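Student: return a 3D structure for these sequence lines:
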Amino acid sequence: MSEVENPQTEAAYEGQPEGQPEGQPEGEPGEGALTLEQADDLALLAKAGELEVPAGADDIVEALVVIAGQRDETVEALKRTAADLQNFQRRARIQATEAREQAIRGVVGSLLMSLDTFDLALNQDPETVTAAQVFDGVKAIKGEILRQLGQHGVQAVEPNAGDEFEPGRHEAVMHEPTDAVEPGSVARTLQCGYAMGERVIRPAKIALAAAAVAAEADAVEDEAREEGATDADV
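Tutor: The predicted structure is shown next:
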């Protein structure tokens, strides 16, 4: 090693304490400790073989060179990883946008045939078209729309009378007295619902069956209450 004094080495060592100052928490740099910039300067000098060290400290310098090299490799690897992550996130956003647009195009494209059918129906002569023909045309268009939706996994939720009430898939909007089905089950469907797989898009609106005897008793009780209120007013 060269015995010529190096100003950068002196600057790096200048003010460096021999040990940890009393009362200074371990691991925290005290006054006069090496800064990161000074440590980098020492590592560069060690790599270049220009660092002046005491006799017998060559092993320390070699260890410093190895550690500095490993640090540089780790920093470069982290930079590459960060760049790869940014590229992955950008590609993921682009792919998600393309997948969403493709799904929308598929649904819209499948419904165009139904729109064409509407156009054909509207081009008919109103003076010659019968009510039965209009009804059959509307029914055919509905069937075509349902068929196209079914290709995208959409199925109608339309329970039959007597089916078990399923919260989430069915929405009870009224109670209907009936002896035809068990109380608490579906009496009839008022509005069809739709689902895609296990996910409900819109629950079916249904009338919930109630016991006819209980309903009649409630009606009698209500009537008696109204009569009592009328007598009190008189």
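Student: pLDDT below threshold where in this protein?
Tutor: For the chain, the stretches flagged by pLDDT under 70 are 1-34, 53, 213-234.
Student: could I get the full set of helices for it?
Tutor: For the chain, the helices defined by DSSP state H occupy 7-13, 36-48, 58-122, 131-151, 212-233.
Student: just say which of those is most tucked in.
Tutor: helix 36-48 (a mean of 15; mean count of other Cβ atoms under 10 Å). C-beta: built from backbone N, CA, C; applies to glycine.
Student: what helices and strands are in contact with that one?
Tutor: helix 7-13, helix 58-122 (3 or more Cβ pairs under 8 Å, 6 or more residues apart in numbering; DSSP states H and E).
Student: make JSON lines out of those helices and add distance to Gly153.
Tutor: Shown next, in JSON lines, are the helices and strands packed on helix 36-48 (distance: least, Cβ to Cβ, whole Å):
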{"stretch": "helix 7-13", "distance to Gly153": "69"}
{"stretch": "helix 58-122", "distance to Gly153": "11"}
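Student: on that earlier part again, Ala204: which of the helices of the chain is closest?
Tutor: helix 131-151 (14.4 Å; Cβ to Cβ).
Student: count the neighbours of Pro54 for me.
Tutor: For Pro54, the count of nearby residues is 8 (other Cβ atoms under 10 Å).
Student: could you check how far it is from Val61?
Tutor: 10 Å (Cβ to Cβ, to the nearest Å).
Student: likewise Glu73?
Tutor: Taking Cβ to Cβ, one finds Glu73 at 19 Å from Val61.
Student: go on, Ala103?
Tutor: The value you get for Ala103 to Val61, if Cβ to Cβ is used, is 63 Å.
Student: surely Ala207 and Arg188 touch.
Tutor: Yes. Counting by Cβ atoms under 8 Å, Ala207 does reach Arg188; the two are 5.1 Å apart.
Student: can you pull the residues that touch both of those two?
Tutor: Glu176 (Cβ atoms under 8 Å, 6 or more residues apart in numbering).
Student: centroid-nearest residue for this structure?
Tutor: The centroid of the chain falls nearest to Ala96 when counting by Cα atoms, centre = their mean (11.7 Å).
Student: Ala77 versus the residue nearest to Val65 when sequence neighbours are not counted, what's the distance?
Tutor: Excluding the flanking residues, the one nearest Val65 by Cβ to Cβ, 6 or more residues apart in numbering is Ala46, at 5.0 Å. From Ala46 over to Ala77 the distance is 22 Å, taken as Cβ to Cβ.
Student: Gly56 now?
Tutor: In terms of Cβ to Cβ, Gly56 sits 34 Å off from Ala77.
Student: could you do Glu52 as well?
Tutor: Taking Cβ to Cβ, one finds Glu52 at 32 Å from Ala77.
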